[in-house]
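[1] All I have is the shape, not the residue letters:
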């Protein structure tokens, strides 16, 4: 029997929001290339967050996202003018929530658990994205890597959970569809659940998430089992 | 007029040695998939070095390379048995040097510059790789990220240059075909040169290398200009 669960934190980009919902708009701008652009844009966002974190060269995620977009267009030989840049950057604030997000959040709220977000996004970007997705009423706490001036998987980012919530990491569950984030949280001391929507292989890193499933619904099942298990 | 150049350090994997020379062997094991495996294997190596560095979860690069190989085979649905793993891990110690490596090193040695390696590879792995490539007689100093228990672009790795050589970073030139490495070195205070063999776009990070060219010959031209410029 584990300790009680005090709160559930969700990763945002890729977990609650589909970062690849930009592909449609990108395909209008660059016919036939939207999917390739969306993929490289995302990969490069992550790469830049990591390089900047290792080298203590933090800039807010909005800047990282714009830098990554420029690189991705350069690499794919797509001519990005300022109108196109504006359109795609705006699109990134209007990402589509996954269909299982609202039902999952509603079940957690009904269970009287503290629910929050822990994201690489900066505060303005996160708030725009949650508002755009109709998710702004579901969270007790919004935690941004910007407060740590570092990106996941730096311990300073995961530390925001215990610091803000006043509970040890072992009483917090991080839910992420990024396998490396679920492991990074576990490394820090959280419990974690990996939403593996695409049946990706497990990351070959030390340690594994406490739970793995296919959907946010699976993640909430896991959270509620932990919550009731810890209490009984 | 800049300061004198005291030493030239080379990145190893991708700069002196072609990491994708494993593709041939991989293609024998997994016909038609060698190139895809080589690419994902390499990408995953870099990702794991960064996640581990951010989270202070260092393991030697040999382990990272093996973990990345397993992930890449899982992701590509390639059945890797222990014999295949052994073959490919051995192949990684026998990478082919780029054709311009030996001529470039010979020109630097003739110019009476201190020449070294600064690599993510661990010492045994680096020595095997240099020996396998016939490059073991060209270096005054071999610096491994293993001494810092972190990977590039962590400052602790670049710090090995000034610490070992007794010259400030501004008197050292790092030559790398990894654009992010050339920028990471620059961030630390080195001069740097990016060998951009594939005409990749520049990385959208703060700062840029001091020089960019297409070959190790271009890099040595740059080093020798710095060397004579600093003296005159």
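    Structure received. These numbers were taken from a predicted model, which means no experiment stands behind them.
[2] who's in contact with the residue nearest to residue A:149 when sequence neighbours are not counted?
    Sequence neighbours aside, residue A:58 is the residue nearest to residue A:149 in space, at 4.3 Å (criterion: CB to CB, 6 or more residues apart in numbering or on different chains). For the C-beta atoms, the positions are set from N, CA and C on the backbone; glycine is no exception. For residue A:58, the residues meeting the contact criterion (CB atoms under 8 Å, 6 or more residues apart in numbering or on different chains) are A:52, A:149-151.
[3] which SS class is residue A:58?
    In terms of secondary structure, residue A:58 is coil; the call rests on DSSP: H, G, I helix; E, B strand; the rest coil.
[4] Against residue B:190, how distant is it?
    When distance is defined by CB to CB, to the nearest Å, residue A:58 is 21 Å away from residue B:190.
[5] And the longest helix seen in chain A, what's buried?
    With DSSP state H applied, the helix covering the greatest number of residues in chain A is identified as helix A:34-54. Within helix A:34-54, the residues scored as buried using 16 or more other CB atoms under 10 Å in any protein chain shown are A:34, A:36-38, A:40-42, A:44-54.
[6] which among these are in contact with chain B?
    Contacts with chain B are made by A:47-48, A:50-54 out of those, judged by CB under 8 Å from any CB of the partner chain.
[7] Let me have these in TSV, extended by pLDDT.
    Below are these laid out as TSV (pLDDT from 0 to 100):
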residue	pLDDT
A:47	98
A:48	98
A:50	98
A:51	98
A:52	98
A:53	98
A:54	98
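[8] helices and strands around the helix or strand where residue A:193 lies, which ones?
    Residue A:193 is part of strand A:191-195 when elements are defined by DSSP states H and E. Strand A:191-195 sits against strand A:172-176, helix A:179-188, strand A:211-213, helix A:216-231, with contacts defined as 3 or more CB pairs under 8 Å, 6 or more residues apart in numbering or on different chains; DSSP states H and E.
[9] And the shortest one, how far out from the chain middle?
    Centroid displacement of strand A:211-213 relative to its chain, using CA atoms, centre = their mean, to the nearest Å, is 16 Å.
[10] Is that strand positioned near chain B?
    No - for strand A:211-213, no contact with chain B is found by CB under 8 Å from any CB; the gap never falls below 14.2 Å.
[11] And the contacts of that strand?
    For strand A:211-213, contacts defined as CB under 8 Å, 6+ apart pick out A:192-196, A:202, A:218-219, A:221-222.
[12] Mind checking which of the contacts of residue A:58 land in helices?
    Mapping these onto helices (DSSP H) picks out residue A:52.
[13] Most neighbours among the contacts of residue A:58, which one?
    With neighbours taken as other CB atoms under 10 Å in any protein chain shown, the top of the contacts of residue A:58 is residue A:151, carrying 25 neighbours.
[14] per-residue pLDDT, it?
    With respect to pLDDT, residue A:151 scores 98.
[15] Quick check: it vs chain B, distance?
    Counting by CB to the nearest CB, to the nearest Å, the gap from residue A:151 to chain B is 8 Å.
[16] Show me what the helix or strand harbouring residue A:67 is packed against.
    When elements are assigned from DSSP H and E, residue A:67 belongs to helix A:61-75. Using 3+ CB pairs under 8 Å, 6+ apart as the contact definition, the elements that helix A:61-75 packs against are helix A:34-54, helix A:82-92, helix A:123-132.
[17] any idea of the mean pLDDT for it?
    98.
[18] Distance check, residue A:159 against chain B.
    Here the criterion is CB to the nearest CB. By it, residue A:159 lies 12 Å from chain B.
[19] just checking, that residue touches residue A:148?
    Yes - taking CB atoms under 8 Å as the definition, residue A:159 is a contact partner of residue A:148 at 7.0 Å.
[20] and which of the ones next to chain B among the buried residues of helix A:34-54 is nearest to chain B?
    Checking these against chain B with CB to the nearest CB, the nearest one is residue A:50 at 4.1 Å.
[21] how about the residues of chain A near chain B?
    Within chain A, the positions lying close to chain B (CB under 8 Å from any CB) are A:47-48, A:50-57, A:59, A:67-68, A:70-71, A:74-75, A:150-155, A:180, A:183-184, A:187-188, A:200-206.
[22] Among those residues, name the buried ones.
    Among the residues of chain A next to chain B, the ones that count as buried by 16+ other CB under 10 Å are A:47-48, A:50-55, A:57, A:59, A:67-68, A:70-71, A:74, A:150-155, A:180, A:183-184, A:187-188, A:202-205.
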